[in-house]
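[1] model this:
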Amino acid sequence: MLKQLVWKIKEDFKKITFYPECKFGPNLSQDHGAYWEKRRQTDEPVLSNWQKQRADLVLGFLEKGSTVLDIGCGDGAILKYFKDKADIRGIGVDIDEKSIERVRSLGLEAIKMDINDLENIKNLPEVDYITGFEIIEHMPNPEQFVYRLKDKAKKGFIFSTPNTGYYAHRLRLLFGRFPLQWIAHPGEHVRFWTVKDMKFWVRAIGFRLSKFILYEGLPILNKIWPSMYAQGMIIYIKNKD
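    A predicted model of the protein is given here:
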């Protein structure tokens, strides 16, 4: 555990002055397909260690055989993991055609849809749970997004987002750089939350947190001071108590 802590600190410090490779110019655009191509490391849907940790935490909320709709599903790796572990009926939603094809190739249902157009949400099926992993920070109006999803999730919805209060992000600010949370385009994230911000935000839009989990980040320290040393947040809101 100590070795893992030291390694993580070293990796974080490398990123204090780091910027992803990005050629700014007239052809730079926020192409969703290009974003996923850059993220994919293999043709097979594989979860990274931190994604698996997040998925295992979310599995604790899902009953076996429940219906789960994952918005912004990408290549379907998370839904496939849920199906293998909890025998869920998985439905993926994404705008990228290649992602939709990959999801269907896994034996999962898929819907091609642009969820940035909030009017499309009314066309989604009702399910037990709706999940959205690292989605709301990409949206200019996540408040309306969450409001409209409420009627589609019979039991509840679960979403995750980065903790902008993570110590490495604070250090970047200290050295004059904005927290680094993008991969292919600097405009990927348009909303940002710290732990306190998220708790306030959920209450402010009229919901009650059923479960709030902080995960990833610096081992050991993320248990002692999670708002500073945990890298991600999982928010679970029950639709009916």
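[2] Which residue, neighbours along the chain excluded, lies closest to Leu171?
    Of all residues not flanking Leu171 in the chain, Ile16 sits nearest, at 5.3 Å (CB to CB, 6 or more residues apart in numbering). Bear in mind the C-beta positions are built from the backbone N, C-alpha and C, glycine included.
[3] do Gln144 as well
    Of all residues not flanking Gln144 in the chain, Leu118 sits nearest, at 5.5 Å (CB to CB, 6+ apart).
[4] What is the neighbour count of the one you found?
    When counting by other CB atoms under 10 Å, one arrives at 15 neighbours for Leu118.
[5] how much space between it and Lys238?
    Separation of Leu118 from Lys238 (CB to CB, to the nearest Å): 22 Å.
[6] mind showing which ranges of the chain have poor pLDDT?
    The model of the chain has pLDDT under 70 over residues 22-45, 183-187, 240-241.
[7] Would you map the strands across it?
    For the chain, strands defined by DSSP state E occupy the ranges 67-71, 89-94, 109-112, 127-133, 153-162, 211-215, 232-238.
[8] Any chance of CSV for these, columns distance to Phe145 and mean neighbour count?
    Putting those into CSV (distance: least, CB to CB, whole Å; neighbours: other CB atoms under 10 Å) gives the following:
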stretch, distance to Phe145, mean neighbour count
strand 67-71, 9, 24
strand 89-94, 12, 24
strand 109-112, 16, 17
strand 127-133, 8, 23
strand 153-162, 10, 21
strand 211-215, 19, 17
strand 232-238, 13, 21
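[9] In a markdown table: those, plus distance to Lys223.
    Output for the strands of the chain, formatted as a markdown table (distance: least, CB to CB, whole Å):
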| stretch | distance to Lys223 |
| --- | --- |
| strand 67-71 | 28 |
| strand 89-94 | 31 |
| strand 109-112 | 37 |
| strand 127-133 | 22 |
| strand 153-162 | 18 |
| strand 211-215 | 9 |
| strand 232-238 | 14 |
